[in-house]
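> no sequence for this one, just the structure:
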């Protein structure tokens, strides 16, 4: 995400890369349990009661309590390794691709970039990170999160022991294409997420800076608030895509079915068996995961960036850029 004070022409990509990685890891550690709950809610089918009627969907609090009760507190962190491994390159690619698209789309006469161009730059960044990093790591993460077992005895009855073993097993049994299952939906989700995220964040930040010219850099609490707002809007626009994508990526085994055929089958089956509301299953924990995640990312990124730019080694490099 663009940091407060992004109008500065001189940038240090090394600082952006490190600060983004630190922010991403912090966000993952703080919010991953909510992501696990969201995935379990999306994967859960409607259960039947003793009378043969379908029971109502289980809420996110009850789902989280059930995971802890059956699998221990560490059960909420299943798939975290895949997220941590992918977070640094994802943030680096997001920042660099956004800046690249922003530069390409900026007016040649030097006037400020428009809101539409900012949105398109965010879309470009979302598409890039989805294809290069996000989809492979999400396939591994979802496979790990979908495993319901006791964390106190993780080897017993577990197909995937950790992120590395899961990646190896999936590629060996299903081929390299398996880690790109659902990539079109992931790309659509990331594109809409980042388009909305960058646009809302940049717009709100510009307004706050206009109202508070005394600040060269916005206070952390303000960055957190606008990050929270921008992060909450993306999931509302693409919840059905995310739910269907999760189901697609959970499926294992080699298949000759095309991506569109798989998408249509899963969407039709989901609506017929569980109702249209199932497309939005897990939306609350997803918003609770993404929105605070963006607030954490912005706040930690700003703090890490400011701290490193105060170090002589990075300041010297900045002056040479």
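Thanks, I have the structure now. As the structure is a prediction and not an experimental result, all values here were calculated from the model.

> need the contact list for the closest residue to residue 184 other than its chain neighbours.
Take residue 184 and drop its neighbours on the chain: the residue closest to it by Cβ to Cβ, 6 or more residues apart in numbering is residue 259, 6.1 Å away. To be clear about C-beta, it is placed using only N, CA and C from the backbone, and glycine gets the same treatment. The contact partners of residue 259, by Cβ atoms under 8 Å, 6 or more residues apart in numbering, come to 181, 182, 183, 184.

> Tell me if I'm right that the first one and residue 247 touch.
No: counting by Cβ atoms under 8 Å, residue 181 stays clear of residue 247, with 10.5 Å between them.

> Out of the contacts of residue 259, which one has the lowest pLDDT?
Lowest pLDDT of the contacts of residue 259: residue 182, 80.

> Test my guess that that one contacts residue 251.
No: taking Cβ under 8 Å as the contact criterion, residue 182 and residue 251 are not neighbours in contact, 9.3 Å apart.

> which one of these two has more residues nearby?
Between residue 182 and residue 251, counted using other Cβ atoms under 10 Å, residue 182 has the larger neighbour count: 27 against 15.

> buried set for the strand or helix carrying residue 166?
In the assignment (DSSP states H and E), residue 166 maps to helix 163-174. For helix 163-174, a neighbour-count test (16 or more other Cβ atoms under 10 Å) marks 163, 166, 167, 169, 170, 174 as buried.

> Ok, stretch 220-227 next?
Across stretch 220-227, burial judged by 16+ other Cβ under 10 Å covers 220, 222, 223, 224, 225, 226, 227.

> For those, could you give me CSV that also reports distance to residue 212, pLDDT and secondary structure?
Compiled in CSV, the buried residues of stretch 220-227 are given as follows (distance: Cβ to Cβ, whole Å; pLDDT from 0 to 100; DSSP: H, G, I helix; E, B strand; the rest coil):
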residue, distance to residue 212, pLDDT, secondary structure
220, 14, 88, helix
222, 8, 92, helix
223, 12, 90, helix
224, 16, 92, helix
225, 13, 94, helix
226, 13, 93, helix
227, 17, 91, helix
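
> what two of the residues you listed are the furthest from one another?
Within these, two members stand farthest from each other by Cβ to Cβ: 220 and 226, at 11.2 Å.

> hey, where'd the helices end up in this structure?
Read by DSSP state H, the chain holds these helices, from start to end of the chain: 13-43, 60-71, 80-105, 115-129, 135-145, 163-174, 183-211, 220-250, 259-274, 283-309, 312-320.

> Deepest-packed of those, please.
Using mean count of other Cβ atoms under 10 Å, the stretch among the helices of the chain with the greatest mean number of neighbours is helix 135-145 (a mean of 26).
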